[in-house]
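In: Build me a model:
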Amino acid sequence: MRAVILAAGEGLRLRPFTLTRPKVMMPVAGRPILEYVVEALRENGVTDVTMVVGYQRERIQSYFENGRRFGVEITYSHQARQLGTAHALLQGVKAGEAGPVLVLPGDNLVDADTIKALLEGAEEGRAAMVVTFSPNPSKYGVVKLDGDTVTRITEKPTGSMSDLINTGIYLFTPKMLELTQWAVKASKFDLSDVLEVAVERGERIKGVEISGHWLDIVYPWDILSVNTKILSRATAKVAGTVEQGAVVQGPVSIGKGTVVRAGCYVRGPAVIGEGCDIGPSVVVFPSTSIGNNVTIGPFTEVRNSVIHSNVQLGASSYIANSVIDDGTVIRSHFVTHHGDRVMMVEGDLVPVPDIGAIIGDSCSFAPQCVIAPGVIVGRRVRFEGPARVTKDIPNDATVL
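Out: Presented below is the predicted three-dimensional model:
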């Protein structure tokens, strides 16, 4: 069995984080999203992997290389123009490919159980797709089944005919690959187009239902829910130093070279990367991921947040329900308020519960900055003095 992972897109709706990386390389719980997809394949014995790359492909290729470090063999195909998922798939398959091919998105949380369910549910000579229930089906391709056969697929319908959605995880037969080639020649560039044509032509595509094993990251705040999901499976592992007087409880992973200083309290599930300096007297609450080479000053509290690598958090700060990107320097008495917020997303108002701050890479905050719930701070923003931030700040701005 061979797998093709679609990893060429940018992820515009995840800006500012995807200004410096493709969406699939967004770190969650200490590892890129794409690594979890590769791991799920390997655990099911699928080791022949093709990655279709495009936007900032060097970030992907330099991290995964030939795949041997991850227990798989990876080859790369380049999608020079991101025309759509069907076009991307054709970059990763060979003409006249004989066997079935697993097709997966590289930017969703996919676990081993999902792949196992698809492989075990598959029938020889029949295409299959993974479907799952969603409380917001209109955001996705909505699927209608007759028994286990897909009878209709409607992309982002205005009214929901079903709460089953398409996860973008497929087992494609040679016939489906031929239909993909036909669709692209007809300027139908997305796999949703291919599936609609296949159903119209009477192809018996099997819908394999799963629950609880798939999460999609669409917007920056989705990072927090996916982080919580991954950390729910965390195990305790201490490779660094926990000083006397520090308390570490529950499933907490602490990387090599990290020091958790006296007076700290860390409660899992949580991940702290390598080379970090935490404390003294820092509190880290559950569902927090901290990257590599992070410094957290005394008397700071971090809860339910994702802190990327090379970040400095100043003393006496409070960070909650927030995502902070690489290389940002935050000085003392920094506060992220959190609460419910209605966000404007592509012209629609979307309620987002209990959100803190979204902060891009390489920002610099003076002491005593306070961020209101749901505020997005772009990359390379400089705060020259104390500020109360109540609206989004664009990239490269200076706040006096």
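In: Endpoint to endpoint, stretch 51-69 covers what distance?
Out: Stretch 51-69 stretches 16 Å from its first residue to its last (CA to CA, to the nearest Å).
In: Give me the buried positions along that stretch.
Out: Residues 51-57, 59-60, 63-64, 67 are the ones in stretch 51-69 that count as buried (16 or more other CB atoms under 10 Å). The C-beta positions use only the backbone N, C-alpha and C, and glycine is treated the same way.
In: and if you look at stretch 228-236?
Out: Quick answer for stretch 228-236 (16+ other CB under 10 Å): 228-231, 234.
In: same question, stretch 214-228
Out: Buried residues in stretch 214-228, counted by 16+ other CB under 10 Å: 214-217, 219-224, 226-228.
In: quick check, nearest of the buried residues of stretch 228-236 to Gln91?
Out: The nearest member of these to Gln91, counting by CB to CB, is Ile230 at 29.0 Å.
In: that older thread, closest one of the buried residues of stretch 51-69 to Pro174?
Out: Taking CB to CB as the measure, Pro174 lies nearest Val52 of the buried residues of stretch 51-69, at 18.6 Å.
In: Beta-bridge partners for the closest one, please?
Out: On the basis of DSSP bridges, Val52 is bridged to Leu6, Ser77.
In: Surely it touches Leu90?
Out: No. If you go by CB atoms under 8 Å, Val52 and Leu90 don't touch, sitting 9.0 Å apart.
In: From Asn66, how far out is Met51?
Out: Computed as CB to CB, to the nearest Å, the Met51 to Asn66 distance reads 11 Å.
In: shared neighbours of those two, anything?
Out: In terms of CB atoms under 8 Å, 6 or more residues apart in numbering, Met51 and Asn66 are both contacted by the residues Ile74.
In: Low-confidence ranges, this structure, go.
Out: 95-96, 98, 135-140, 156-162, 211-213, 346 (pLDDT under 70).
In: ok, Arg5 - contacts?
Out: No, residue 5 isn't Arg; it's Ile. Ile5 makes contact with 34, 37-38, 49-52, 104-106, according to CB under 8 Å, 6+ apart.
In: For the protein, just list every one of the helices.
Out: 33-43, 57-64, 85-91, 112-121, 174-185, 191-200, 222-231 (DSSP state H).
In: Summarise which helices and strands the second one is packed against.
Out: Contacts of helix 57-64 with other secondary structure elements, assessed using 3 or more CB pairs under 8 Å, 6 or more residues apart in numbering; DSSP states H and E, are made with helix 33-43, strand 48-53, strand 73-78.
In: just the angle between it and strand 73-78, please?
Out: Relative orientation of helix 57-64 versus strand 73-78 (axes from the mean of the first three to the mean of the last three CA atoms, to 10 degrees): 180 degrees.
In: Need the residues that contact helix 57-64.
Out: With CB under 8 Å, 6+ apart, helix 57-64 has contacts from 7-8, 21-22, 24-25, 32, 34-35, 38, 51, 53, 70, 74, 76, 78.
In: what's the answer for the third one, then?
Out: The set of residues external to helix 85-91 that reach it, using CB under 8 Å, 6+ apart, is 4, 6, 8, 52, 54, 77-79, 82, 103, 105, 168, 172, 177, 180-181, 183-184, 188-194.
In: what do you get if the cut-off is 7 Å, keeping everything else the same?
Out: Under the criterion CB atoms under 7 Å, 6 or more residues apart in numbering, residues 4, 6, 8, 52, 77-79, 103, 180-181, 183-184, 188-191, 193-194 lie in contact with helix 85-91.
In: and it, how far from the chain's centre?
Out: Distance of helix 85-91 from its chain centroid, counting by CA atoms, centre = their mean, to the nearest Å, is 21 Å.
In: Looking at the buried residues of stretch 51-69, which is nearest Arg380?
Out: Gln56 (17.3 Å).
In: From start to finish, how long is stretch 372-386 in a straight line?
Out: Note: stretch 372-386 ends 14 Å apart using CA to CA.
In: same question, stretch 195-205
Out: End-to-end distance for stretch 195-205: 9 Å, by CA to CA.
In: Same check on stretch 6-22?
Out: Using CA to CA, the end-to-end distance of stretch 6-22 comes out at 12 Å.
In: And the protein, what are its domain boundaries?
Out: Structural domains assigned to the chain are 2-218, 235-399, following automatic domain parsing.
In: For Leu349, name its beta-bridge partners.
Out: Beta-bridge partners, per DSSP bridges, of Leu349: Met344.
In: Correct me if wrong: it contacts Arg341.
Out: No. Assessed by CB atoms under 7 Å, Leu349 is found out of contact with Arg341, at 10.4 Å.
In: Comparing the two, which residue is more hemmed in?
Out: Neighbours around Leu349 and Arg341, counted as other CB atoms under 10 Å, are more numerous at Arg341. The numbers are 17 against 8.
In: OK, contacts around the nearest residue to that one once chain neighbours are set aside?
Out: Nearest non-adjacent residue to Arg341, counting by CB to CB, 6 or more residues apart in numbering: Gly374, 3.3 Å away. Contact analysis of Gly374 by CB under 7 Å, 6+ apart lists 341, 343, 352, 355.
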